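In: need coordinates for the following:
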Amino acid sequence: MSNEIVKYSNQFNAQALRKFTALDLDLLMAIAARVRDKETGEVTFTFEELRQLAHVKKNLTDKELAGRIVEVNDRLLACRFRFQDDSRTVQFTLFSGFETDWKTAKLLVEVNPRFSFLLNDLTSQFTRFELAEFTALKSSYSKECYRRLKQYRQTGVWKVSIDEFRRLLDVPESYQARDLNKRVLKPIQDELGPLLNLVAHKKFQKKGSGRGGRSLVGFEFEFDPEKVPGGVSAPRVELSPGVVADAARKSLRDAARADERAEAERRREENLKAVAEERARRGGSMLMHAPDAARAVDGLADGLEALLA
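Out: Reported below is the predicted structural model:
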């Protein structure tokens, strides 16, 4: 599976996959890779392939693995696609059925023929990525963000409103800003930052008139674009002016904090050196006269206070 490519119509990225785990997403993308550009609507996986794909424990028996696969299949069977244009709405399930056989250690997947239009004969407006790179990600939020980023792989910028971001990644409505940062954005940044050189910019909007503060209205994800075949670069997509200004202010704040930390560390080192010299002057004694000790401690306290500020 390491060399397999997932490729599907960009329309599929507009589909929110509710309650999908990382394993569900891995299996779905593996099926998409197998069905692509094939006439048959049936795909067979061996249990060994699924073990590699799902990164499951090696000590699971085939029967135990089959039970886990059945749980995944239940969620995939409930996966429905909705397509709408000017005159009609089309809805269908992606899969017709699954057959899990632990005696032969195989999984047979029956794909709805209507699903094939999302996977076959694609010449433009498609998302493309390596299956192995996708399955290596651990967080379901990272996986769902990753495949949307790959839609914009040639421009290197994905702009999305906060409401659409929550819908596409199935973020619980109960998640406030703190939860969003810790449980959604952090795993995305931790995994996709090193992989794609990703930077997640928050987009804010002023609350009404006066000094009412700002509210989060969306994100602009910036990452390294892929090279276009033939060497012709895709048109550059610029970040919003407000996002650029916020990024510049953040950079200045970070630089100022770094300078403050460096100065605090320098003062701390000087204080420690002064204490050591005073001990040496007194013949290595750990004891000092009260006034001298007080001055040394005060110096250390000032240094630590500046360091922690």
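
In: could you measure from Thr46 over to Ala22?
Out: Distance check for Thr46 against Ala22: by CB to CB, to the nearest Å, it reads 21 Å. For the C-beta atoms, the positions are set from N, CA and C on the backbone; glycine is no exception.

In: more neighbours: those two, which one.
Out: Neighbour totals were compared for Thr46 and Ala22, and Ala22 leads with 18 against 12 (other CB atoms under 10 Å).

In: surely that one is in contact with Tyr141?
Out: No - using CB atoms under 8 Å, Ala22 is not in contact with Tyr141, being 9.3 Å away.

In: where along this structure do the helices fall?
Out: 22-35, 47-54, 62-77, 131-135, 140-149, 162-168, 177-179, 186-196, 241-281, 290-308 (DSSP state H).

In: most tightly surrounded among the ones you listed?
Out: helix 140-149 (a mean of 23; mean count of other CB atoms under 10 Å).

In: shaky segments in this protein?
Out: Filtered on pLDDT under 70, the chain yields the residue ranges 1-2, 37, 39-40, 208-212, 229-236, 244-256, 259, 284-309.

In: can we see that at 50?
Out: 288 (pLDDT under 50).

In: domain ranges for it?
Out: 1-136, 139-237, 250-308 (automatic domain parsing).

In: can you add distance to Val243 and give those back as TSV?
Out: Below are those laid out as TSV (distance: least, CB to CB, whole Å):
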stretch	distance to Val243
domain 1-136	22
domain 139-237	5
domain 250-308	10
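
In: got the end-to-end distance for stretch 4-15?
Out: 23 Å (CA to CA, to the nearest Å).

In: make CSV from the helices of the chain and add distance to Lys207 to it.
Out: Shown next, in CSV, are those (distance: least, CB to CB, whole Å):
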stretch, distance to Lys207
helix 22-35, 36
helix 47-54, 45
helix 62-77, 39
helix 131-135, 38
helix 140-149, 27
helix 162-168, 14
helix 177-179, 14
helix 186-196, 26
helix 241-281, 14
helix 290-308, 32
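
In: for Gln205, find the nearest of these.
Out: For Gln205, the closest of these is helix 241-281, at 8.1 Å, according to CB to CB.

In: what separation is there between the nearest residue to Leu131 once chain neighbours are set aside and Arg279?
Out: Of all residues not flanking Leu131 in the chain, Glu4 sits nearest, at 4.3 Å (CB to CB, 6 or more residues apart in numbering). Distance from Glu4 to Arg279, counting by CB to CB: 66 Å.

In: one more: Thr135?
Out: Distance from Thr135 to Arg279, by CB to CB: 59 Å.

In: ok, Arg257 next?
Out: Look at Arg257 and Arg279: by CB to CB, they are 33 Å apart.
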